[in-house]
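Engineer: Below is the structure, and that's it, no one-letter string:
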């Protein structure tokens, strides 16, 4: 769903870190989001018994809340259309994607590689998102030391049940 | 058990060696992470939660309280030295605090904040000791209708006190309630919004959502403005307030404490309201209001006292009613539930040592903050100056490990990433996530209390207006909503909250 970007200044300006201009206004994006989530909520809640006010079923509250959410979303969309809508400032996709992927990978790999390696991967991976990132031995050594400290602190001292060497390492004979 | 016995019991719990040590550790860790710029208290506390998981419940709660106060203190240090408020309620501190720092009076500003906070903390603790048992007694007479109305009031307050439009805040609260529905319905046993995955049967873990939206979301937003977020740190000079400072501080500290103690009990966003009101009040009663905003020590002492007093008394509704007033309190409830404690009016009678131990260690935590952290301020200033590109990868690690350790679940880590992206989206579209977070905890409670109310009244909703407590609560909520329409209040709200961004 698109809407008029309005006469805002921020919309087309490219920021100095290379952000892409986005032409959707804040309200249009948020309104669409609310309508979409509310609609999914409504669709799913149709399958739950509604019950009566006297005996609320599991569908009673979700149905009311989802409907209200859709209405709120529509109202916000109206505001985007007719009110003074502010455009979304430029989005930098690179750090967004890198950091989310790094954390996601940590989750996916921590039980397979073990905590220290997963931490090392996350630290170095996330760090590449920074504009100031450069690969040097000091930073790498720091990251390695940090992984070891994390392993000792969380697994040995705090007893978080994470493997130090994961299943993949066991498979190759560690 | 009267208050004196209670305090004695609390003293013996809080001074047990391990509790004392963990309280200290909590304060230290809370301050250390709290001073880091770009990390609000919610993100800080959720990051540090795993440190408390392995502990016995009273020790864990005491450490959590220590973390909570440390975070508050750390936040005001960053606000004063760097002009970077970690949360909305320390925004007013930056106005005069950072101005003082620029004039070379950073140490005195920090001291004013610490002394004010300590005094307010002491009064706040006493207030909890007196008021909490009374409120818990009262709460035992509350039926589901009263609880439901109180929840409505809490949500309305948090919507009114959020920057941005009311409509947006309303939508965020609804979204929070809807997210709270995910999982098994406690009444019917039906699995709702689980989309077929067993991982969602227990519902969305509150800590996971909060860490994602506030912690990871903040990191993602901060990385976007990496170049522009360079800030200079004011050097810390002498920590001793002059005789003139003392003279000017006493009144603001007393008034700020009074305001904070009262407003903190309000559900919604009492802490924020307290620091703003205290600042506004000092500006009104001061004989030289023109100095405010240019480094008036009153403008540091009053909001910091109010802030801390309210931070203390907002434990009251959390502990006695089980209703969180702020996002941070919601997080504390989340942590308690992880520990297997359900806060509510029974906590006082069933777990007195837990309750009183917490009350006393709050005070001890405040003493530690005053006598240990003030001398360490040089160290904190060094911590602040760690560049963000070294900091954020480590923050990511702590968040990921923390979230994993709640349920030892990889799924939770992945869920956190999703909510981190959502948190980023919310900031980009100018929607503040505080109402969502509060509604996530309050939503399921609201459903349950509504269900019980209607069951008792045979589907008759007028019961909300016939119970005096419920009616009064709803009237306050309605007045708050109306007040936002009034132009005068609207202006104050916009002025106050705009700067919070």
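Structural biologist: Looks like it came in fine. As the structure is a computational prediction, the values presented were derived from the model and not from experiment.
Engineer: interface residues of the stretch 151-300 of chain B facing chain A?
Structural biologist: Selection of the stretch 151-300 of chain B residues close to chain A by CB under 8 Å from any CB of the partner chain yields B:165, B:167-168, B:170-171, B:174-175, B:177-178, B:181, B:185, B:187-188, B:190, B:192-193, B:216, B:219-220, B:223-224, B:226-227. In short, each C-beta sits where N, CA and C put it, glycine included.
Engineer: Separate out the buried members of these.
Structural biologist: Neighbour counting over these (16 or more other CB atoms under 10 Å in any protein chain shown) leaves B:165, B:167-168, B:170-171, B:174-175, B:177-178, B:181, B:185, B:187, B:192-193, B:216, B:219-220, B:223-224, B:226 as the buried ones.
Engineer: So which of those residues belong to strands?
Structural biologist: Among these, DSSP state E puts residue B:192 in strands.
Engineer: now the helices for chain A?
Structural biologist: For chain A, the helices identified by DSSP state H occupy A:26-45, A:60-82, A:93-113, A:115-127, A:137-150, A:167-171, in order along the chain.
Engineer: Please identify the deepest-packed of the ones you listed.
Structural biologist: Using mean count of other CB atoms under 10 Å in any protein chain shown, the stretch among those with the greatest mean number of neighbours is helix A:115-127 (a mean of 24).
Engineer: low pLDDT regions in chain A?
Structural biologist: By pLDDT under 70, the weakly predicted segments of chain A are A:1-23, A:84, A:173-174.
Engineer: From chain A, how far off is the spatially most central residue of chain B?
Structural biologist: Within chain B, one residue has its C-alpha closest to the average C-alpha position: by CA atoms, centre = their mean, that is residue B:328, at 3.5 Å. Taken as CB to the nearest CB, to the nearest Å, the spacing of residue B:328 relative to chain A amounts to 22 Å.
Engineer: Hmm, that residue is touching residue B:44, no?
Structural biologist: No - under the criterion of CB atoms under 8 Å, residue B:328 lies out of contact with residue B:44, with a separation of 9.4 Å.
Engineer: Find the closest residue to chain A in chain B.
Structural biologist: For chain B and chain A, the shortest gap (CB to the nearest CB) falls at residue B:413, measuring 3.1 Å.
Engineer: Just give the closest residue to that residue, not the sequence neighbours.
Structural biologist: Beyond its immediate neighbours in the sequence, the residue positioned closest to residue B:413 (CB to CB, 6 or more residues apart in numbering or on different chains) is residue A:107, lying 3.1 Å away.
Engineer: same deal with residue B:345?
Structural biologist: residue B:139 (4.0 Å).
Engineer: quick one: buried residues of the helix or strand that neighbour falls within?
Structural biologist: Counting by DSSP states H and E, the element that carries residue B:139 is helix B:106-140. Burial within helix B:106-140, assessed by neighbour count using 16+ other CB under 10 Å, is assigned to B:106-129, B:132-133, B:135-136, B:139.
Engineer: list the helices and strands that helix packs on?
Structural biologist: helix B:3-14, helix B:57-82, helix B:91-102, helix B:243-264, helix B:298-313, helix B:315-321, helix B:347-350, helix B:352-368 (3 or more CB pairs under 8 Å, 6 or more residues apart in numbering or on different chains; DSSP states H and E).
Engineer: check contacts around the residue nearest to residue B:345.
Structural biologist: Shown in contact with residue B:139 (CB atoms under 8 Å, 6 or more residues apart in numbering or on different chains): B:320-321, B:344-345.
Engineer: Now the residue of chain B closest to chain A, what are its backbone angles?
Structural biologist: Summarising the backbone geometry of residue B:413 under the convention degrees, to the nearest 10, its torsions are phi -60, psi -40.
Engineer: The one 5 residues further on now?
Structural biologist: Dihedral angles of residue B:418 (phi, psi; degrees, to the nearest 10) stand at phi -60, psi -50.
Engineer: and the residue nearest to it when sequence neighbours are not counted, how far is that from residue B:425?
Structural biologist: On the basis of CB to CB, 6+ apart, the spatially nearest residue to residue B:418 that is not a chain neighbour turns out to be residue B:212, at 6.9 Å. When CB to CB, to the nearest Å is the yardstick, residue B:212 and residue B:425 sit 11 Å from each other.
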